[in-house]
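K.L.:
need a 3D model of the following:
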Amino acid sequence: MNAPMNWSENTFWQSEAIFLSDSNGIVSLEKSPSIGGDYTGIRSMGLFESLKAVTIVNKKHIGDLKNLPLNDVVSYKISVLSVGKLLAKTTFNRFYKNYNINYCDILRDSWQGRLFYEEDKNKKPAIIVLSGSDGGIEKAQNIAMMLSNHGFVTLAISYFGMNNQKSSLDRIPLENIEEALKYIQKLTFVDSAKIGIYGRSKGAEYSLMFLTKYDGIKCAVLNSPSDRVYEGLKGKRNSKHSSWTYGGKEISYKPFKIREFIMNMLTKKSNIDFGVMDIENVTCPLLLITSIKDEIWDSYSASINIMKKAKSYEKSIVLTTELGHMNTISYLPNPRYKKYKTDKIYYEAILS
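P.N.:
You can find the predicted model right below:
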């Protein structure tokens with residue numbers, strides 16, 4: 001989930017921890033601290049969160065949705081050794097998608113999606129899922145699958161990077177989300193009055209911009225959000241255009257300047273000049289997930305600004321103090337962060 005897009009699912013990951021057993025020879029991950037290895041202290045899922053890629057297998061980009069694998073299963077092996085002697089081992093799988101969840105692919109002119117649903121006579125709430133600047137649908141679908149296990153119909157969307165789509169994050173229409181919303185509202189097994197949106201990173205920026213222009217979304221989760229529109233990208237270069245359009249026109253954006261970016265990250269301040277969204281137009285309930293150590297942009301200050309300006313009747317923040325921009329699925333490693341740290345999470349709710 002957090003690995004670079006060109007790493008294959010066949011990449012081999014590994015972690016280790018060292019424990020002292022109690023007098024009965026028992027080690028409890030919930031009670032026994034690790035005294036060495038890839039993490040120290042008590043962390044019940046530390047072995048999973050501190051995994052590191054030791055054999056990287058690269059892959060080619062898959063642009064055809066029908067050929068894109070689900071990657072809905074991760075296989076693990078745990079071995080227990082004492083003084084180099086193997087005492088026990090076991091293997092098991094982690095499933096992102098329950099066996100009863102179906103999926104189908106949707107191809108449209110400017111967006112593509114993968115729908116996850118359970119065959120049920122009862123109408124269910126639905127969530128549109130958007131991932132970040134990597135493009136494609138791989139990361140969005142992992143989040144969508146996990147959410148589908150909890151009683152939601154979910155639609156993971158690719159808004160650029162697949163066949164017959166724009167190849168770069170540059171001038172993407174807000175109307176893509178509008179079309180996806182209309183599509184999911186018409187599904188017979190969806191409660192059209194209960195449709196939310198989940199976006200992370202650029203997907204959160206895209207989602208918030210959509211919320212300033214459209215009704216119909218009943219709640220939103222914005223993971224590592226921005227409160228302004230940033231310049232688009234062409235490959236790894238600035239596109240000299242906005243990331244988004246509305247009604248065929250570019251939305252006002254903030255150009256990327258490397259010197260300003262570095263100063264903002266050092267001072268934890270953003271120069272509010274242009275590109276800031278009309279957040280006052282947002283009225284649906286919001287859940288913001290952010291970090292005070294976001295290494296990509298200042299999502300914390302953006303979240304505070306969103307909390308202050310949005311007219312939502314319910315607004316909440318989940319704040320992490322050690323993790324950075326990549327707050328994604330629980331108990332997964334992140335190769336971006338070289339040193340594993342136990343994170344502290346604070347929850348703040350503001351009701352009005």
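K.L.:
can you map out the strands along the stretch 101-250 of the chain?
P.N.:
Residue ranges of the strands in the stretch 101-250 of the chain, as given by DSSP state E, counting those that start in this stretch, are 102-107, 112-117, 124-130, 153-158, 172-173, 190-200, 219-223, 231-234, 237-242, 244-246, 249-250.
K.L.:
quick one, which of those gets closest to residue 211.
P.N.:
Nearest to residue 211 among those is strand 219-223 (6.1 Å), distances taken as CB to CB. C-betas here are computed from N, CA, C, even on glycine.
K.L.:
distance from the closest one to the middle of the chain?
P.N.:
Centroid displacement of strand 219-223 relative to its chain, using CA atoms, centre = their mean, to the nearest Å, is 11 Å.
K.L.:
what does stretch 158-173 give?
P.N.:
Taking CA atoms, centre = their mean, the mean C-alpha location of stretch 158-173 is offset from the chain mean by 18 Å.
K.L.:
is it true that residue 43 lies in a helix?
P.N.:
No. Under DSSP: H, G, I helix; E, B strand; the rest coil, residue 43 falls outside any helix and is assigned coil.
K.L.:
so where's the chain uncertain?
P.N.:
Counting by pLDDT under 70, the chain contains low-confidence ranges at 256-275, 322, 336-352.
K.L.:
the same query, at a cut-off of 80, please.
P.N.:
1-4, 235-236, 256-275, 293, 295, 320-330, 333-352 (pLDDT under 80).
K.L.:
in it, which spans are helices?
P.N.:
46-49, 138-148, 175-185, 202-211, 258-267, 299-309 (DSSP state H).
K.L.:
can you redo those as CSV with distance to residue 109?
P.N.:
CSV is the format used below for the helices of the chain (distance: least, CB to CB, whole Å):
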stretch, distance to residue 109
helix 46-49, 40
helix 138-148, 19
helix 175-185, 9
helix 202-211, 18
helix 258-267, 34
helix 299-309, 31
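K.L.:
residue 227: which of those helices is closest?
P.N.:
When the helices of the chain are ranked by distance to residue 227, counting by CB to CB, first place goes to helix 299-309 at 4.0 Å.
K.L.:
quick check: residue 55 touching residue 11?
P.N.:
Yes. Proximity of residue 55 to residue 11 meets the contact threshold set by CB atoms under 8 Å, at 6.6 Å.
K.L.:
and the two? Which one has more around it.
P.N.:
residue 11 (16 against 9; other CB atoms under 10 Å).
K.L.:
please tell me I have it right and that one contacts residue 3.
P.N.:
Yes. Under the criterion of CB under 8 Å, residue 11 lies in contact with residue 3, with a separation of 6.8 Å.
K.L.:
any shared contact partners between those two?
P.N.:
When contacts are counted by CB atoms under 8 Å, 6 or more residues apart in numbering, residue 11 and residue 3 are jointly contacted by residue 53.
K.L.:
related to what we said a few turns ago, mind putting the strands of the stretch 101-250 of the chain into TSV with distance to residue 283 and mean neighbour count?
P.N.:
Shown next, in TSV, are the strands of the stretch 101-250 of the chain (distance: least, CB to CB, whole Å; neighbours: other CB atoms under 10 Å):
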stretch	distance to residue 283	mean neighbour count
strand 102-107	28	13
strand 112-117	26	24
strand 124-130	18	25
strand 153-158	22	28
strand 172-173	23	20
strand 190-200	14	21
strand 219-223	10	24
strand 231-234	27	19
strand 237-242	24	16
strand 244-246	18	20
strand 249-250	24	12
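K.L.:
make JSON lines out of those and add distance to residue 282.
P.N.:
Supplementary listing: those in JSON lines, determined by distance: least, CB to CB, whole Å:
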{"stretch": "strand 102-107", "distance to residue 282": "27"}
{"stretch": "strand 112-117", "distance to residue 282": "24"}
{"stretch": "strand 124-130", "distance to residue 282": "16"}
{"stretch": "strand 153-158", "distance to residue 282": "20"}
{"stretch": "strand 172-173", "distance to residue 282": "19"}
{"stretch": "strand 190-200", "distance to residue 282": "11"}
{"stretch": "strand 219-223", "distance to residue 282": "8"}
{"stretch": "strand 231-234", "distance to residue 282": "22"}
{"stretch": "strand 237-242", "distance to residue 282": "19"}
{"stretch": "strand 244-246", "distance to residue 282": "15"}
{"stretch": "strand 249-250", "distance to residue 282": "21"}
